[in-house]
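**Q** With the sequence up front, the predicted model follows.
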Amino acid sequence: MIHWLQTSTAGLLTLAAVSIAVLLVLIIKVKLEPFIALIVVGLLTALAAGVPVGTLVGTAQKTSDSLLEKGFGSILGHIAAIIGLGTLLGSILEKSGGARVLTSALLRTFGEKRAPLAMGLSGLIFGIPVFFDIGIFVLAPLVYAAAKQGGRSIVLYAMPLLAGLSITHAFIPPHPGPVAAAGLLHVDLGWLILMGAVCGIPAWFVGGILYSTWIGKRVNVPLAEDFAKLAGEEGEREGPAPSLKLVGGIIAVPLVLILVGTFGSILLPTGSTGAGIAAFLGTPAIALTIATILASWLLGRRRGMSGADLAQLSANALRPVAMILLVVGAGSFFGAVLSATGIGKAVAGSLGDAGLPVLLAAYIISCGMRIAQGSATVAIVTTSGIVAPTVMELHYSQAQLALVVVAISAGSIIASHVNDGGFWIVSRYFGLTVTQTLKTWTALETVLSLSGFGVAALVMALV
């Protein structure tokens with residue numbers, strides 16, 4: 001039995017299925033922290049597959065070559081600085097009032113009749129540097145103001161905003177999920193930004209504009225009186241607001257630099273000074289460091305923040321990042337175990353025999369993980385670890401690898417329901433009942449997921 005489990009394709013596939021089932025039970029039923037569950041299941045899977053203890057955890061004298069430390073370290077060295085700097089950049093933009101400047105300008109530009117489009121663009125643009133939930137906390141009063149002025153269902157204004165925030169959170173670096181997946185699948189972030197935008201923007205338009213307009217006219221939720229009182233607070237802040245050009249420029253800096261680095265290495269002569277400069281400035285950690293320093297000075301110190309204020313802001317912003325990094329590191333270790341045990345190759349062979357495209361398989365696995373345990377980041381990290389050994393065997397181009405990440409990301413946002421913290425944030429902040437949230441937010445996430453995957457599959461056929 002043990003020999004069959006460790007050496008045969010059927011045994012390895014059984015071990016993979018059992019390990020994932022145990023992982024879900026620990027997260028959903030036992031309520032164990034995902035990063036602990038991933039470590040426990042990774043260790044048990046490795047031992048069950050016959051990985052020597054010395055290989056798995058090292059020895060008392062040396063652990064640096066162990067599967068446990070390499071699994072954690074290989075990904076954290078790649079993403080820790082990116083996620084930390086991205087978080088700092090987003091927190092400075094939020095504190096300075098950049099979100100309100102951006103959304104207010106869009107509302108003025110598009111007018112009352114096109115306010116839902118303005119809210120959707122606000123979520124899409126401001127969602128790049130800030131986490132999903134922070135975006136809701138900051139921009140919700142502007143949704144209230146638009147709903148109060150327009151006199152229509154709050155759903156009509158909230159859903160486009162949420163669509164923009166959701167797409168950027170799942171598809172675009174420096175958010176933790178796509179950055180982690182890029183590290184696990186060895187994808188250049190420039191390619192991921194490009195393919196994330198190519199697939200994410202159409203999905204946002206389908207879900208955030210077309211579907212949101214349709215559902216907003218059918219689910220009538222008047223603005224609650226408590227929310228109406230908050231509608232006028234968006235203009236109440238100390239000191240003058242930053243300019244729209246400044247806010248937009250700072251958001252654009254890291255994206256432009258990363259893209260310059262990626263495509264400069266392709267277009268410029270190898271070894272040239274220009275290629276070296278592009279590579280340096282386009283390194284994600286360097287690009288985000290530049291953007292964060294600019295934001296700290298232009299939106300912080302020049303607008304009255306002291307060094308102590310910025311330090312406190314940084315400490316508050318980075319506190320939740322620790323758990324994200326632990327989950328990503330543990331997910332990387334779990335993926336390393338699947339690769340070292342041969343489970344990854346067994347899965348690859350089975351997919352080939354079944355004729356199931358890797359892109360579709362990655363999407364389905366991610367959907368299953370998302371629906372089962374609720375967290376988009378956990379779904380992305382776990383799925384990337386599962387499919388990484390398979391994908392590495394196929395020798396995909398960078399563009400194709402980026403599309404695999406997009407497919408995984410699309411699966412990670414499908415069917416948000418009661419086991420997802422985002423479901424309850426949406427319900428609470430916009431005064432929706434559980435039934436109304438299911439009809440609007442859950443359906444919206446599913447439309448975004450299917451649309452994003454559909455575009456990724458189409459582009460995959462062309463590249």
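**A** Here it is on my side, so go on.

**Q** Please work out how many residues are found near G276.
**A** 14 (other CB atoms under 10 Å). Just so you know, the C-beta spots here come from the backbone N, C-alpha and C atoms, and that holds for glycine as well.

**Q** And it, how far from G261?
**A** Per CB to CB, to the nearest Å, G276 is found 10 Å from G261.

**Q** Then S296?
**A** Counting by CB to CB, the gap from S296 to G261 is 22 Å.

**Q** more neighbours, these two?
**A** Between S296 and G261, G261 has the larger neighbour count (other CB under 10 Å), namely 23 against 19.

**Q** Just the mean pLDDT for the helix or strand that contains the more buried one, thanks.
**A** Assigning secondary structure by DSSP states H and E places G261 in helix 244-267. Mean per-residue pLDDT for helix 244-267: 90.

**Q** Kindly calculate the angle that the helix or strand that it is followed by makes with helix 244-267.
**A** Remark: after helix 244-267, the chain's next helix or strand is helix 273-282, criterion DSSP H and E. Calculated by axes from the mean of the first three to the mean of the last three CA atoms, to 10 degrees, helix 273-282 forms an angle of 130 degrees with helix 244-267.

**Q** what's near enough to touch C367?
**A** Shown in contact with C367 (CB atoms under 8 Å, 6 or more residues apart in numbering): G411, I414, A415, S449.

**Q** Which parts of the helix or strand encompassing it count as buried, going by neighbours?
**A** Using DSSP H and E, C367 sits in helix 358-373. Within helix 358-373, the residues that count as buried by 16 or more other CB atoms under 10 Å are 358-359, 361-363, 365-373.

**Q** Quick one: mean pLDDT over that helix.
**A** pLDDT averaged over helix 358-373 gives 91.

**Q** what's the average pLDDT for the helix or strand just after that helix?
**A** As assigned by DSSP H and E, the chain's next helix or strand after helix 358-373 is helix 376-394. Mean per-residue pLDDT for helix 376-394: 88.

**Q** Helix 376-394 to helix 358-373, inter-axis angle?
**A** Using the same axes, to 10 degrees: helix 376-394 against helix 358-373 is 160 degrees.

**Q** Off-centre distance for helix 376-394?
**A** From the chain centre to the centre of helix 376-394 is a distance of 14 Å (CA atoms, centre = their mean, to the nearest Å).

**Q** do stretch 196-216 as well
**A** For stretch 196-216, the distance to the chain centre is 17 Å (CA atoms, centre = their mean).

**Q** List the buried residues for that stretch?
**A** Buried, per 16+ other CB under 10 Å, within stretch 196-216: 196-209, 211-212, 215-216.

**Q** Let's see it as CSV, backbone CA atoms only.
**A** Presented in CSV, the C-alpha positions along stretch 196-216 are these (Å, rounded to 0.1, in the frame of the first residue of the first chain):
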residue,chain,number,x,y,z
GLY,A,196,-3.5,41.3,-16.1
ALA,A,197,-4.7,44.6,-17.8
VAL,A,198,-5.4,42.9,-21.1
CYS,A,199,-7.7,40.4,-19.4
GLY,A,200,-8.9,42.4,-16.4
ILE,A,201,-10.1,45.5,-18.1
PRO,A,202,-12.6,43.7,-20.4
ALA,A,203,-13.8,41.7,-17.4
TRP,A,204,-14.2,44.9,-15.4
PHE,A,205,-16.3,46.4,-18.3
VAL,A,206,-18.5,43.3,-18.6
GLY,A,207,-19.0,42.9,-14.8
GLY,A,208,-18.5,46.4,-13.5
ILE,A,209,-20.3,48.3,-16.1
LEU,A,210,-22.7,46.1,-18.1
TYR,A,211,-23.7,43.7,-15.4
SER,A,212,-23.7,46.3,-12.6
THR,A,213,-25.9,48.6,-14.6
TRP,A,214,-28.3,45.8,-15.3
ILE,A,215,-28.5,44.5,-11.6
GLY,A,216,-28.5,48.0,-10.2
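
**Q** pLDDT of it, averaged?
**A** 97.

**Q** repeat for stretch 6-17
**A** Mean predicted confidence for stretch 6-17 is 84.

**Q** ok, now stretch 296-309?
**A** 90.

**Q** before we move on, what about stretch 20-32?
**A** 88.

**Q** what comes into contact with it?
**A** Here stretch 20-32 has contacts from 34, 37-38, 40-41, 44, 334, 369, 372-373, 378, 382, 386, 419, using CB under 8 Å, 6+ apart.

**Q** how does it look with 6 Å?
**A** P34, A37, V41, A372, Q373 (CB atoms under 6 Å, 6 or more residues apart in numbering).

**Q** same thing with stretch 208-226?
**A** 120, 147-148, 153-156, 159-160, 163-164, 431, 436, 439-440, 447.

**Q** quick one on the thing from earlier: can you add distance to A457 and give the contacts of stretch 20-32 back as a markdown table?
**A** Shown next, in a markdown table, are those (distance: CB to CB, whole Å):
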| residue | distance to A457 |
| --- | --- |
| P34 | 29 |
| A37 | 31 |
| V41 | 30 |
| A372 | 23 |
| Q373 | 25 |
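
**Q** I'd like to know which of those residues is nearest to T289.
**A** P34 (29.1 Å; CB to CB).

**Q** What count of nearby residues applies to that closest one?
**A** 22.

**Q** Please name the residues that touch it.
**A** I27, V327, V378.

**Q** Then P254?
**A** A287, L288, A291.

**Q** I'd like to know which of those residues are buried.
**A** Buried, going by 16+ other CB under 10 Å: A287, L288, A291, out of the contacts of P254.

**Q** What sits closest to the second one if chain neighbours are left out?
**A** Spelled out, it's L288. When the adjacent residues along the chain are set aside, L288 lies closest to L85, with 3.7 Å between them (CB to CB, 6 or more residues apart in numbering).

**Q** can you pull the pLDDT of that neighbour?
**A** At L85, pLDDT is 92.

**Q** Touching, it and I293? I think so.
**A** No - the criterion here is CB atoms under 6 Å, and L85 misses it with I293 at 9.8 Å.

**Q** higher neighbour count, these two?
**A** L85 (22 against 14).

**Q** what residues are up against that one?
**A** L288, T289, T292.

**Q** Outside of the helix or strand containing the first one itself, list whatever touches it.
**A** So that's L288. Secondary structure from DSSP H and E places L288 in helix 284-295. With CB under 6 Å, 6+ apart as the test, helix 284-295 has contacts from 81-82, 85-86, 88-89, 92, 189, 250, 253-254, 257-258.

**Q** Between the residues you listed, which sits nearest T103?
**A** I250 (15.9 Å).

**Q** what separates the helix holding C367 from the chain centre, distance-wise?
**A** Counting by CA atoms, centre = their mean, helix 358-373 comes out at 15 Å from the chain centroid.

**Q** As CSV, could you dump the C-alpha coordinates of that helix?
**A** C-alpha atoms of helix 358-373 as CSV (Å, rounded to 0.1, in the frame of the first residue of the first chain):
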residue,chain,number,x,y,z
VAL,A,358,-3.5,23.4,-18.2
LEU,A,359,-5.1,26.9,-18.3
LEU,A,360,-8.6,25.4,-17.7
ALA,A,361,-7.3,23.0,-15.0
ALA,A,362,-5.6,25.9,-13.1
TYR,A,363,-8.8,27.9,-13.3
ILE,A,364,-11.0,25.0,-12.0
ILE,A,365,-8.6,24.2,-9.2
SER,A,366,-8.5,27.9,-8.1
CYS,A,367,-12.4,28.1,-8.3
GLY,A,368,-12.7,25.0,-6.1
MET,A,369,-10.2,26.4,-3.5
ARG,A,370,-11.9,29.8,-3.5
ILE,A,371,-15.5,28.4,-3.1
ALA,A,372,-14.3,26.0,-0.4
GLN,A,373,-12.3,28.3,1.9
